[in-house]
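Asker: Compute the structure for the input listed below.
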Amino acid sequence: MGCHRLRVPDRQVLDGIFFVLRTGCQWKALSATGICSSSTAHSRFQAWAQDGVFARLWNEALQDYEDLIGLDFDWMALDGSLHKAPLGGKKNPAQPHGPRQRRRQAQSLD
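Answerer: Prediction:
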């Protein structure tokens with residue numbers, strides 16, 4: 001006879017995690033969807049990622065795809081870069097905070 005809340009089912013939390021990953025919404029916005037609370041989903045995501053759950057899911061999915069359709073590595077390629085884009089532009093210099101700074105400048109020294 002405890003006073004703690006019941007544990008949210010793993011499948012429901014996984015649905016919430018996939019929703020965040022698929023839509024790109026913030027973790028805090030997940031609570032508004034009604035799937036599960038953002039804190040539950042985020043804490044379980046961190047625990048599962050550390051335990052390698054998502055890596056195992058990925059391997060299972062690849063194996064299932066290989067069994068059903070087959071993977072053809074002859075046409076696949078991997079590309080990546082860790083360099084800044086050549087036309088990425090420059091960083092913006094610090095900008096004054098408009099009204100706040102103007103008010104300070106307009107004050108008299110009396």
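Asker: Distance of the most centrally placed residue in the chain relative to Thr33?
Answerer: Closest residue to the average C-alpha location of the chain: Leu21 at 5.5 Å, with CA atoms, centre = their mean. Per CB to CB, to the nearest Å, Leu21 is found 13 Å from Thr33. The C-beta positions use only the backbone N, C-alpha and C, and glycine is treated the same way.
Asker: rewinding a little: residue contacts, the residue nearest to the centre of the chain?
Answerer: By CB atoms under 8 Å, 6 or more residues apart in numbering, the contact set of Leu21 is empty.
Asker: same deal with Ser38?
Answerer: Contacts of Ser38 (CB under 8 Å, 6+ apart): Gly16, Trp27, Lys28, Ala29, Leu30, Ser31.
Asker: The same query, at a cut-off of 6 Å, please.
Answerer: Residues in contact with Ser38 (CB atoms under 6 Å, 6 or more residues apart in numbering) are Trp27, Lys28, Leu30, Ser31.
Asker: again with Ala77
Answerer: Ala77 neighbours (CB under 6 Å, 6+ apart): none.
Asker: in which helix or strand would I find it?
Answerer: Using DSSP states H and E, Ala77 sits in no helix or strand.
Asker: show me where this structure has helices.
Answerer: 10-23, 38-51, 53-68, 98-106 (DSSP state H).
Asker: quick one: which of these is nearest Asp74?
Answerer: helix 53-68 (14.3 Å; CB to CB).
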